[in-house]
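1. Fold the following, please.
(chains A and B)
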Amino acid sequence: MIIHIQGKSKKRGHHLMANNITISQAAQYLGQEVTISGWVYNKTGKGKLHFIMVRDGTGVIQVVIFKGNVTEEAFEKCAALTQESSIRITGVISEDLRAKGGHELQAKEVEVLNIAPEYPISPKEHGIEFLMDNRHLWLRSSKQHAILKIRHEIIKASRDYFDNLGFTLVDAPIFTPSACEGTSNLFETDYFDTKAYLTQSGQLYMEAAAMAFGKVYCFGPTFRAEKSKTRRHLTEFWMIEPEVAFFDLQQDMDLAEGMIIYIVDRVLEKRRQELEILERDVSKLEAVKTPFPRIHYDEAVKLIKAENPEFIDGDDLGGTDETIVSSHFDRPVMITHYPAAVKAFYMKRSAQQPDRALCVDVLAPEGYGEIIGGGQREDDLEILLSRIREHNLPQEAFNWYLDLRKYGTVPHAGFGMGIERTVAWICGRPHIRETIPFPRTMYRLTP
RNA sequence: UCCGGUGUAGCUCAAUGGCAGAGCGGGUGGCUGUUAACCACUAGGCUGUAGGUUCGAGUCCUACCACCGGAGCCA
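-> Residues are numbered from 1 along each chain as shown, chains lettered A, B, ... in the order given. Prediction:
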């Protein structure tokens, strides 16, 4: 057999007719001749022998090239390969316990697509600013790769969860004429001869959709122009927001709990390998089982005051307060009945405690904080009107929303789950900026 | 916006107010089983910017810029 290494597309069409496979499939092709396309992840050698770690997005495999087996020219070409050079290799998959993963590719033919110049991200440590400046390249690193694979699994699992329950996906607009909740700062854009704002929530639109379809959800980006500088904040982040007609707070909480269980189970089932790469303590995730503790705001305050005496009853929970509460439980905890004063205008009030909202926040374990906020919506037209006035919101902007209470109003509830915070928790990452492909923060708009 | 911190080689970091340094990465050479290989040699600098103190400033002072961590706000 003629063994040679092919140069830059010199003999296209004369390749050995081998199967094109992904590295993840390599184990199924032991002893067979295959072609793999990918990038040089790392290279080492021993004089007349090259070891090239090649990754293709599905895995990493060691490619072995012996000088005695190939031409001088071919060997030189492989010697010139640099980190992140792109190549296509044909060879035989063989078993070898010295290789990571237990098998390797004995190269017969290598096509060099591109020799990369000095790659900025070396296998050693780097600072966060440098890595974020190189985010477009950092995505190739194993941990970042694993995080985004898990992010995909979480998104897919949430959508499957709702789809399986008969929900309809109804996407909300990104451009909105006004604030949804009237609280946080919005990004303003020129919209022809008027102003438009980037959405901070699809919820109001989901309420309209729920009255048309019964069970709906939306999934999309949301924007907050807050000058927040913490590990929990981005200016652009993704939310999944279900809304269900005829649901009350209890049913809403059941829905949220079921979703979290479903997501965690799915990630444990399908993304073990990625959790391992991230060195995630999976026992923490395996502990996430039904039922989740459901505690009243007043109970939460007791827990908080025991450790933070300065907390003022009636205030919203701060980051450290959330950590105090969640540290008492090994699974997500649901806090209900916050003071209505700290919540949005559309929250329905409790009949037993008129100063409390029929709302729920879900705090992730291990100090990851709020991942879900939701509750039952005010369904009475007159009460909603007075709330809009109390909050000094422009009634005109909410006329369409008020129509939902005019024409066949029903009890309904829903929630929003922040994808990045959920990914951060499940992946055990300290900072949410690693959980989105290209993060946007107060100080970062590139790449 | 407030509080604290850091800016030195491509990267990660050293350097009592007294010659600008190491490891990694890059380059050259060596090695037939490497796993972040190893060995030898080598190139690489307006010490964030602008002022100031000093015989002398990477080091001390002032302002600014950039980023990091935290707070507030929130998902």
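
2. what sits against A:Phe438?
-> A:Phe438 makes contact with A:Arg135, A:His136, A:Pro447 under the criterion Cβ atoms under 8 Å, 6 or more residues apart in numbering. The C-beta positions use only the backbone N, C-alpha and C, and glycine is treated the same way.

3. One more pass at 10 Å, please.
-> Shown in contact with A:Phe438 (Cβ atoms under 10 Å, 6 or more residues apart in numbering): A:Met132, A:Arg135, A:His136, A:Leu139, A:Glu236, A:Arg444, A:Leu445, A:Thr446, A:Pro447.

4. what's the distance between the fifth one and A:Thr194?
-> Distance from A:Glu236 to A:Thr194, counting by Cβ to Cβ, to the nearest Å: 23 Å.

5. quick one: which of the two has more around it?
-> A:Glu236 (17 against 7; other Cβ atoms under 10 Å).

6. buried stuff in the worst-scoring helix or strand of chain A on mean pLDDT?
-> Lowest on mean pLDDT, DSSP states H and E among the helices and strands of chain A sits helix A:72-79, with a mean of 78. For helix A:72-79, the neighbour count (16 or more other Cβ atoms under 10 Å) marks A:Ala74, A:Phe75, A:Lys77, A:Cys78 as buried.

7. would you turn those residues into a markdown table with distance to RNA strand B?
-> Converted to a markdown table, those look like this (distance: Cβ to the nearest atom of the strand, whole Å):
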| residue | distance to RNA strand B |
| --- | --- |
| A:Ala74 | 14 |
| A:Phe75 | 11 |
| A:Lys77 | 13 |
| A:Cys78 | 12 |
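
8. want to throw those into TSV with distance to A:Ile295?
-> Below are the buried residues of helix A:72-79 laid out as TSV (distance: Cβ to Cβ, whole Å):
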residue	distance to A:Ile295
A:Ala74	68
A:Phe75	67
A:Lys77	65
A:Cys78	62
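
9. quick one: average confidence on stretch A:145-157?
-> What stretch A:145-157 shows for mean pLDDT is 96.

10. name the element A:Pro221 belongs to?
-> Taking DSSP states H and E as the criterion, A:Pro221 maps to strand A:215-223.

11. Each with direction, which strands does that strand pair with?
-> Note on strand A:215-223: by DSSP bridges, its sheet partners are strand A:168-169 (parallel), strand A:236-245 (antiparallel).

12. is that strand up against RNA strand B anywhere?
-> No. Shown here: strand A:215-223 not in contact with RNA strand B (Cβ under 7 Å from any atom of the strand), separated by at least 7.5 Å.

13. For that strand, buried residues please.
-> Buried-residue list, strand A:215-223, by 16+ other Cβ under 10 Å: A:Lys215, A:Val216, A:Tyr217, A:Cys218, A:Phe219, A:Pro221, A:Thr222, A:Phe223.

14. hmm, back to that, which residues touch the least confident helix or strand of chain A?
-> With Cβ under 10 Å, 6+ apart, helix A:72-79 has contacts from A:3-8, A:40, A:43, A:45, A:48-50, A:52, A:63, A:65-71, A:85, A:87, A:89, A:107-112, A:115.

15. Check which element follows it along the chain.
-> Using DSSP H and E, the next helix or strand after helix A:72-79 towards the C-terminus is strand A:86-95.

16. can you tell if that next one touches RNA strand B?
-> No. Counting by Cβ under 7 Å from any atom of the strand, RNA strand B is not contacted by strand A:86-95; separation bottoms out at 7.8 Å.

17. what pairs with the closest residue to A:Pro242 other than its chain neighbours across the strands?
-> Among residues not flanking A:Pro242 along the chain, A:Tyr217 sits closest, at 4.0 Å (Cβ to Cβ, 6 or more residues apart in numbering). When bridges are called by DSSP bridges, A:Tyr217 pairs up with A:Leu169, A:Pro242.

18. right, and A:Tyr217 touches A:Thr168 too?
-> Yes. With contacts counted by Cβ atoms under 10 Å, A:Tyr217 reaches A:Thr168, the gap being 7.9 Å.

19. Find residues that contact each of these two.
-> Residues touching both A:Tyr217 and A:Thr168 (Cβ under 10 Å, 6+ apart): A:Phe162, A:Ala209, A:Ala210.

20. among the residues you listed, who's most crowded?
-> Neighbour counts for the shared contacts of A:Tyr217 and A:Thr168 (other Cβ under 10 Å) peak at A:Ala210, which has 27 neighbours.

21. Now the phi/psi pair for that residue, please.
-> Main-chain dihedrals, A:Ala210, degrees, to the nearest 10: phi -60, psi -30.

22. can you pull the buried residues of the host helix or strand of A:Ala300?
-> With secondary structure defined by DSSP H and E, A:Ala300 is part of helix A:297-307. Residues of helix A:297-307 classed as buried: A:Tyr297, A:Ala300, A:Val301, A:Leu303, A:Ile304 (neighbour count, 16+ other Cβ under 10 Å).

23. Much appreciated, bye for now.
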